[in-house]
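In: Sequence first, predicted model second:
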Protein chains: 2
Amino acid sequence: MATPLRIVEVDKLKTACSTCSLHELCLPAGLSANELKAMDRMIDIRRSLKRGDYVFRAGAALHALYAIRTGFMKSCVLHEDGREQVAGFHMMGDLIGMDAIGTGQHLCDAVVLEDSEVCEIPLKSLELLSREIPSLQQHFHRIMSREIARDYGVMLLLGSMRAEERLAVFLLNLSQRFAARGYSSTEFHLRMTREEIGSYLGLKLETVSRTLSQFQAQGLIAVQNKHLRILKIDSLRELVGQHGCRI
Amino acid sequence: MATPLRIVEVDKLKTACSTCSLHELCLPAGLSANELKAMDRMIDIRRSLKRGDYVFRAGAALHALYAIRTGFMKSCVLHEDGREQVAGFHMMGDLIGMDAIGTGQHLCDAVVLEDSEVCEIPLKSLELLSREIPSLQQHFHRIMSREIARDYGVMLLLGSMRAEERLAVFLLNLSQRFAARGYSSTEFHLRMTREEIGSYLGLKLETVSRTLSQFQAQGLIAVQNKHLRILKIDSLRELVGQHGCRI
DNA sequence: CCGCCGTTTTGATCTGGGTCAAAACGGCGG
DNA sequence: CCGCCGTTTTGACCCAGATCAAAACGGCGG
């Protein structure tokens, strides 16, 4: 919170979607070889970011959307009094910055939690290209829609789940996203602090800590500091299912 | 909750964006006369809906997006156990159904709270036309983005505001939306029950009722049943500002 | 016009999670 | 390798809002 945060450092590097291992997960998913080349021409800046950097800040003008190549970040909306509400955690393959298209101004900070690389996608170019490539257009719409769907899930969580359910949903979501990226679904590092988890889930850090300890005592997980292992994923699912949701 | 809900009744009526009084608020905002005519060809079904009807239901396949011509509705995601979480309230000029583009399936119910008319916008046609009309493409993107931005606001509300702040935000938001549609910003009918307000705000209906009574006792508003008058809008704004947010 | 049923209000009491406090941990810079 | 500072854990206590209960209201169908 009180750590000094550097303004983003720009390393202009040539990027190529066509050679990127994420291109089946990221924006160009499903494009032909030729279409990928067109994407390559559009995305020509890659930025390297260090922990604590901002990708963009609330209030700043929208320059581009950002596709995450590697790393981990959070986006958070800020209270006037300095408190923050984490609106999401983002990892490789995710596209961020879409909140700014409506007004031309970002409404949240995007803060790097683990050294990252992002590809800059100028909105104008994306619009231009998606007029020419229907499957890109469709995929972009799907990505925005999925963000809306995710947000509905978070509302459900914040609006009507108890602390244990929230934590279980959070862990299952991380697990599933790591799995989709080829990592272990049962063992991973939490890149964020208990306070950031709490902010995301509408809980205080003490409650997050206590609930994790409780899950550990119940044999559902093993945590030590940021290292987490899911031992009984089905029990976690049941925990959510009991008073859970259908999404 | 236990009221029997009819499956939507379809009245196929010819619609024309070019003659619709909402076209500066709705999807075709900013289009030329010729472009409006193209929109007219795309939207050829208008549906009349009665209180209690569903525009679409969670799990149903996406057929079209719906632009609200008149009326009022809520969208809600459902728990397995039957409880519901209201994700939003929608009124004329709003576009609903965008949550379904990602998966092709709706993930919430859209329930009519006040007799309504909606225009069906087939997604395929919208995609086709927005490839031809850049300003339509841009406006559609802005609308999706604004939905994301709205969702972030709701997360902030649910994640870190107290009951009074939540209610104040809710009333101010309704006020502002009615004003944008040419209605009074200080006097309007609440189309939803206390329970639905509570669900949206992550509160119980008793808390909503108590907090409204409290606002009334403080002279901030006058409520009788569903009729609401805002007496001191600035005091409401302050209430939010104190521990409030910057969006 | 009456009766019924869903909605709203208000009161009394309870509790999940917040708050305050302090100790233990752990990673990084020197 | 040590010391420091941010993070995490755990305990004790508190309170905003939930829950339970019941009365008042109001609109609609007969």
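Out: Nice, thanks for sending it over.
In: where along chain A do the helices fall?
Out: Per DSSP state H, chain A carries helices over the ranges A:33-42, A:123-132, A:134-160, A:163-180, A:194-201, A:205-217, A:233-242.
In: packing partners for the last one?
Out: Using 3 or more Cβ pairs under 8 Å, 6 or more residues apart in numbering or on different chains; DSSP states H and E as the contact criterion, the elements in contact with helix A:233-242 are helix A:163-180. All C-beta atoms are positioned from the backbone trio N, CA, C, and that covers glycine.
In: Same question for the second one.
Out: Contact here means 3+ Cβ pairs under 8 Å, 6+ apart; on that basis helix A:123-132 packs against helix A:33-42, strand A:64-78, helix A:134-160, helix B:123-132, helix B:134-160.
In: Tell me which of the ones you listed approaches DNA strand D most closely.
Out: DNA strand D lies closest, by Cβ to the nearest atom of the strand, to one member of those: helix A:134-160, at 9.1 Å.
In: The closest one - what's its average pLDDT?
Out: Averaging pLDDT along helix A:134-160 gives 97.
In: Run the contact check for it versus chain B.
Out: Yes. Helix A:134-160 reaches chain B (Cβ under 8 Å from any Cβ of the partner chain) through A:134, A:137-138, A:141-149, A:151-156, A:158-160.
In: Can you turn the buried part of these into a ChimeraX selection?
Out: Selecting only the buried entries of those in ChimeraX, with 16 or more other Cβ atoms under 10 Å in any protein chain shown as the criterion:
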select /A:137,138,141,142,143,144,145,146,147,148,149,151,152,153,154,155,156,158,159,160
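In: Show me what the mean pLDDT comes to for stretch A:61-81.
Out: Mean per-residue pLDDT for stretch A:61-81: 92.
In: Apologies, that question was intended for stretch A:199-218.
Out: 98.
In: Pipe the helices of chain A into TSV and attach distance to residue A:94 per row.
Out: Shown next, in TSV, are the helices of chain A (distance: least, Cβ to Cβ, whole Å):
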stretch	distance to residue A:94
helix A:33-42	17
helix A:123-132	15
helix A:134-160	9
helix A:163-180	9
helix A:194-201	15
helix A:205-217	23
helix A:233-242	23
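In: In TSV, list the ones you listed along with distance to DNA strand D.
Out: What follows is the helices of chain A, written out as TSV (distance: least, Cβ to the nearest atom of the strand, whole Å):
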stretch	distance to DNA strand D
helix A:33-42	37
helix A:123-132	33
helix A:134-160	9
helix A:163-180	11
helix A:194-201	4
helix A:205-217	3
helix A:233-242	14
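In: want to throw the helices and strands packed on helix A:123-132 into a markdown table with distance to residue B:211?
Out: Shown next, in a markdown table, are the helices and strands packed on helix A:123-132 (distance: least, Cβ to Cβ, whole Å):
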| stretch | distance to residue B:211 |
| --- | --- |
| helix A:33-42 | 50 |
| strand A:64-78 | 23 |
| helix A:134-160 | 16 |
| helix B:123-132 | 40 |
| helix B:134-160 | 14 |
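In: mind checking which of these is nearest DNA strand C?
Out: Nearest of the helices and strands packed on helix A:123-132 (Cβ to the nearest atom of the strand): helix B:134-160, 9.0 Å.
In: quick one: that closest one near DNA strand C?
Out: No. Judged by Cβ under 7 Å from any atom of the strand, helix B:134-160 stays clear of DNA strand C, getting no closer than 9.0 Å.
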